[in-house]
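Engineer: Take a look and give me a structure for this.
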Amino acid sequence: MINPLVLKLEHHDVLSSEEKRVLESMISRMREFRADEDIVSQGSRLTESNLLLEGFAARYKILMNGRRQITALHVIGDFVDLHSHLLKKLDHGVIALTPCQVAVVSHDNIRRITESHPHLTRLLWLSTLIDSATHREWLVAMGRRSALGHFAHLICELFLRLQAVQRTDGYSFQLPLTQAELGDTLGISTVHVNRVVQELRTDRLITWQGDVVTILDWNRLIQVADFDPTYLYLEREPR
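Structural biologist: Residues are numbered from 1 along each chain as shown. Predicted coordinates for the structure are as follows:
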């Protein structure tokens, strides 16, 4: 049940058998969410954090005019709100973009881990630091990359993040997001999203059939995206 988180953390450092046991035993309960249902509501006060085991989720903010900006995409193995352990009250919401299965971990359990397992604590801390690094990369993409480069960058990122939790098949992976959701992620209209997707297809960089994206030319795609995966910190080393 906890395997996706183990896979994710083991990309950064070796986990002991005891640490894996702790991760497996920290879950309080399981929850299921429908697509478009809030996992965490903006402004809610939290006593638990949510680990995504199936599906896609997103952090988001709603503007005064009702428009939405997605500020992060979450995939299997991600804690969508680990930071709520210390923040307690979130300034943003987390929504299920697809049907999602979530493992709920009480903040009391997280606190006990921080008190008794320092190495595991550092790895969980690292995951929040990588979230911050990803936010910085998204900010650069939003401000300085073309829409084509921005979307290409997102495809490269999602491919590597899903590969880390064994959810890719060669250069193919599931991306069950609508063009409206991609527009909210990239900060562009659905019409512009469609144009960008068509350009990537025409240039033989990707195919997109149903909800499956296949990267046809990884080297060319990372050039279009100006993609450097350093911010994902996928190298395994002592932490």
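Engineer: who's in contact with Thr214?
Structural biologist: Shown in contact with Thr214 (CB atoms under 8 Å, 6 or more residues apart in numbering): Gly170, Tyr171, Ser172, Ile206, Thr207, Trp208. Heads up, the C-betas are built off the backbone N, CA and C, glycines and all.
Engineer: and those residues, which are buried?
Structural biologist: Burial of the contacts of Thr214 was assessed by neighbour count (16 or more other CB atoms under 10 Å); the buried members are Ser172, Ile206.
Engineer: possible to save the contacts of Thr214 as JSON lines with pLDDT, distance to Thr178 and secondary structure?
Structural biologist: JSON lines is the format used below for the contacts of Thr214 (pLDDT from 0 to 100; distance: CB to CB, whole Å; DSSP: H, G, I helix; E, B strand; the rest coil):
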{"residue": "Gly170", "pLDDT": "98", "distance to Thr178": "25", "secondary structure": "coil"}
{"residue": "Tyr171", "pLDDT": "98", "distance to Thr178": "23", "secondary structure": "coil"}
{"residue": "Ser172", "pLDDT": "98", "distance to Thr178": "19", "secondary structure": "strand"}
{"residue": "Ile206", "pLDDT": "98", "distance to Thr178": "17", "secondary structure": "strand"}
{"residue": "Thr207", "pLDDT": "98", "distance to Thr178": "18", "secondary structure": "strand"}
{"residue": "Trp208", "pLDDT": "96", "distance to Thr178": "12", "secondary structure": "strand"}
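Engineer: Out of the contacts of Thr214, the closest to Asn109 would be?
Structural biologist: Using CB to CB, the shortest approach to Asn109 within these belongs to Ser172, at 36.1 Å.
Engineer: Residues in a beta bridge with that closest one, which ones?
Structural biologist: Beta-bridge partners for Ser172, by DSSP bridges, are Asp169, Thr214.
Engineer: Could you tell me which residues make contact with it?
Structural biologist: Per CB under 8 Å, 6+ apart, neighbours of Ser172: Val212, Val213, Thr214, Ile215.
Engineer: and the gap between it and Thr214?
Structural biologist: Noted for Ser172: a distance of 4 Å to Thr214, by CB to CB, to the nearest Å.
Engineer: ok, what's across the strand from the residue nearest the centre of the chain?
Structural biologist: For the chain, His74 is the residue whose C-alpha lies nearest the centre (CA atoms, centre = their mean; 2.6 Å). In this structure, His74 has the following beta-bridge partners (DSSP bridges): Ala57.
Engineer: check which helix or strand covers Leu126.
Structural biologist: Leu126 belongs to helix 118-144 when elements are defined using DSSP states H and E.
Engineer: packing partners for that helix?
Structural biologist: Helix 118-144 sits against helix 3-10, helix 17-25, strand 68-74, helix 107-116, helix 147-164, with contacts defined as 3 or more CB pairs under 8 Å, 6 or more residues apart in numbering; DSSP states H and E.
Engineer: Relative to Arg34, which of these is closest?
Structural biologist: Among the helices and strands packed on helix 118-144, the nearest to Arg34 by CB to CB is strand 68-74 (16.1 Å).
Engineer: ok, residues contacting the closest one?
Structural biologist: 52, 56-63, 80, 92, 94, 97, 131, 134-135, 138, 154, 158, 181, 184-185, 187.
Engineer: For Val196, give its distance to Phe227.
Structural biologist: In this view, Val196 and Phe227 are 16 Å apart by CB to CB.
Engineer: same question, Ala96
Structural biologist: Going from Ala96 to Phe227 by CB to CB gives 27 Å.
Engineer: And the chain, what are its domain boundaries?
Structural biologist: In the assignment given by automatic domain parsing, the structural domains of the chain cover 3-119, 136-232.
Engineer: who are the neighbours in contact with Glu54?
Structural biologist: The neighbours of Glu54, taking CB under 8 Å, 6+ apart as the test, are Ile76, Pro99, Cys100, Gln101.
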